[in-house]
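Visitor: Attaching a predicted model along with its sequence, questions to come.
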Amino acid sequence: MTAQAFFVLTALADGPRHGYGVVGEVADLSQGRVKLKIGGLYGVLDRLASEGLIEPDREEAHDGRLRRYYRLTRDGRRALAEEAELRAATARVVRLRLGLAGPEATG
Amino acid sequence: MSAGLDLEQRYRRVLRLLPRYYRDRWEEDMVAAFLDTWMTGDPDEDSVTMEFDRPGWREVVSVAALAVRLYLGGVGAAGRYFARGQAVRQAVLALVLVHAMVSLNALVFLTWSRRLFGLPAPPASLAATTPGGIWPSVWYTGYYAWLVVLVALVLGYRRTAWVIALLAIGPDLFWLLKGQIAGRFLTAPIGPWAFWVLLNVVPVLAMTAFHRNAPPAARRPWLLALPASYVLVAVPELVLQASGNAWLPDPSGLFCLLVTLACLVHAPRALSPRSGGSGVWSLTLVLLAAVVGAYRIASISDYRHDPHLVAVSLSELLILAVAVALVVPDAIRTQAATSAHPLLG
């Protein structure tokens, strides 16, 4: 899973968001390291939707335009949890090898 | 240029870069998201923004990059876009393979001409073409880079491959400009430039088809293709060259013959009523035929004072056209395929 897809799924983990909302949330979550452009965002949303990891939630009118909200599917939630676990396990190994491991890493 | 348009219409115009099926699905969402990045909630300020502001170049680039990823589709793309993407990727690999084969040939010849590993001296007919001096060494060193480009592309290091390919085509451009200034191309003014544009620049630009959604290349066949093509193409050419009196086609003629042979080998599968799965290769061969055909046409003018060579060149073109006609219907069928996009199904 790419970093962009990981952060987009994470942005939707606590509730549905529209496109621009996802961009802002990803920037916050990644502390500015992942700055999605709209073209890039919809490339990721399209791929996640085609993989069944997200789905449309609802549409809301805003300033005369419709905003479509997206939410995680059950598969999306599972994929995100697995990816988070994988990344956490990798981080634990790295910290261990660097001699930075705290009590939680050494068990 | 976009007078009378407001910001929303300007964004819609940029989004026309995207395929129709994708716009049907995402355009309204994307326009709303684009405008959300501008709107402040102050009606006066928003009104001025809508009237005078334009999409930023970074946003335009992101849409253009998305368009490339969609038109030259990767995993999850609609059938025809995926086929087109695969065909471009295979054509790029085939052209890079040719460069890598020439690099390998140059390396072998270098080893031979320096009589390394106790090799005997090359025959006089080959010794005349032995490179010497600093510039040929730089040029050859740049050319060896194609071997790395091929391996990097096949192993999935697309950015590395792209950067090294850019470095590989640089010395050729310098050599061309130097030759142009020195008047070296007076008798053949078009061929060398056509080679550089069609066989160096075009594949490097087409490497954009190796985007992050592209499936990995089939490693083993493409890596084995290098020694195989060396044995089947470069070695016989070297033997003919060493014999000193055999007729050899020029590079564009050789490329025409190679693509012709590939079309003839593939034709039975492409013409079969059960040609499922062959369409991508048919499309690949049509793309390769277009490139080498254009190179052949461009370089014919270099032989304008030699009717025999013009006739030979036209014959090569004709044979190529007949061979590629055998696979064109299969390629067209692949492009007409309209398998549904996962989101539209």
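Guide: Nice, I can see it.

Visitor: drop to CA atoms for contacts and neighbour counts, all remaining ones
Guide: Will do.

Visitor: Mind exporting the C-alpha coordinates of stretch B:153-166 to CSV?
Guide: Extracted in CSV, the C-alpha atoms of stretch B:153-166 (Å, rounded to 0.1, in the frame of the first residue of the first chain):
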residue,chain,number,x,y,z
LEU,B,153,13.1,-1.0,-16.1
VAL,B,154,12.6,-4.7,-15.9
LEU,B,155,13.3,-4.8,-12.2
GLY,B,156,10.8,-2.0,-11.6
TYR,B,157,13.3,0.9,-10.8
ARG,B,158,11.4,3.2,-13.2
ARG,B,159,12.8,6.5,-11.9
THR,B,160,16.4,5.2,-12.0
ALA,B,161,15.8,3.9,-15.5
TRP,B,162,14.4,7.3,-16.6
VAL,B,163,17.3,9.3,-15.2
ILE,B,164,20.0,7.0,-16.6
ALA,B,165,18.2,7.0,-20.0
LEU,B,166,18.3,10.8,-20.0
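
Visitor: buried stuff in that stretch?
Guide: In terms of neighbour count (16 or more other Cα atoms under 10 Å in any protein chain shown), stretch B:153-166 has its buried residues at B:Leu153, B:Val154, B:Leu155, B:Gly156, B:Arg158, B:Arg159, B:Ala161, B:Trp162, B:Ile164, B:Ala165, B:Leu166.

Visitor: Might one say that the last one is in contact with B:Val204?
Guide: In this case it means B:Leu166. Yes - assessed by Cα atoms under 8 Å, B:Leu166 is found in contact with B:Val204 at 7.1 Å.

Visitor: The buried residues of stretch B:153-166 into TSV, with extra columns for secondary structure and pLDDT?
Guide: Supplementary listing: those in TSV, determined by DSSP: H, G, I helix; E, B strand; the rest coil; pLDDT from 0 to 100:
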residue	secondary structure	pLDDT
B:Leu153	helix	94
B:Val154	helix	94
B:Leu155	helix	94
B:Gly156	coil	91
B:Arg158	helix	91
B:Arg159	helix	92
B:Ala161	helix	94
B:Trp162	helix	93
B:Ile164	helix	93
B:Ala165	helix	93
B:Leu166	helix	92
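
Visitor: Just flag the most distant two among these.
Guide: B:Leu155 and B:Leu166 (18.1 Å; Cα to Cα).

Visitor: returning to that earlier point: which among the buried residues of stretch B:153-166 gets closest to B:Glu8?
Guide: B:Arg159 (34.2 Å).

Visitor: Spit out the contact partners of that closest one.
Guide: Not one residue lies near B:Arg159 by Cα atoms under 8 Å, 6 or more residues apart in numbering or on different chains.

Visitor: if I look at it, how far off is chain A?
Guide: The gap separating B:Arg159 from chain A is 16 Å, by Cα to the nearest Cα, to the nearest Å.

Visitor: Could you report the distance from that residue to A:Gly43?
Guide: Distance, B:Arg159 to A:Gly43, using Cα to Cα, to the nearest Å: 19 Å.

Visitor: go on, B:Ala218?
Guide: B:Ala218 sits 25 Å away from A:Gly43, going by Cα to Cα.

Visitor: okay, those two: which has more neighbours?
Guide: It is A:Gly43, of B:Ala218 and A:Gly43, that has more neighbours when counted by other Cα atoms under 10 Å in any protein chain shown, with 21 against 11.

Visitor: where's the spatially closest residue to that one that is not a sequence neighbour, which helix or strand?
Guide: Leaving aside its chain neighbours, A:Gly43 sits nearest to B:Leu66 (6.5 Å; criterion: Cα to Cα, 6 or more residues apart in numbering or on different chains). Taking DSSP states H and E as the definition, B:Leu66 sits inside helix B:57-71.

Visitor: Could you list every helix and strand in contact with that helix?
Guide: For helix B:57-71, the packing partners by 3 or more Cα pairs under 8 Å, 6 or more residues apart in numbering or on different chains; DSSP states H and E come out as helix A:38-50, helix B:7-15, helix B:79-113.

Visitor: Might one say that the residue nearest to A:Gly43 is in contact with A:Ile38?
Guide: No - counting by Cα under 8 Å, B:Leu66 does not reach A:Ile38; the two are 9.8 Å apart.

Visitor: Quick one: neighbours of B:Arg220, just the number.
Guide: 10.

Visitor: What residues sit buried inside the helix or strand containing it?
Guide: Using DSSP H and E, B:Arg220 maps to helix B:219-229. Neighbour-count burial for helix B:219-229, with 16+ other Cα under 10 Å as criterion, is recorded at B:Trp222, B:Ala225, B:Leu226, B:Ser229.

Visitor: For the helix or strand following it, what does the pLDDT average out to?
Guide: Downstream of helix B:219-229, the next assigned helix or strand under DSSP H and E is helix B:235-243. Mean pLDDT, helix B:235-243: 79.
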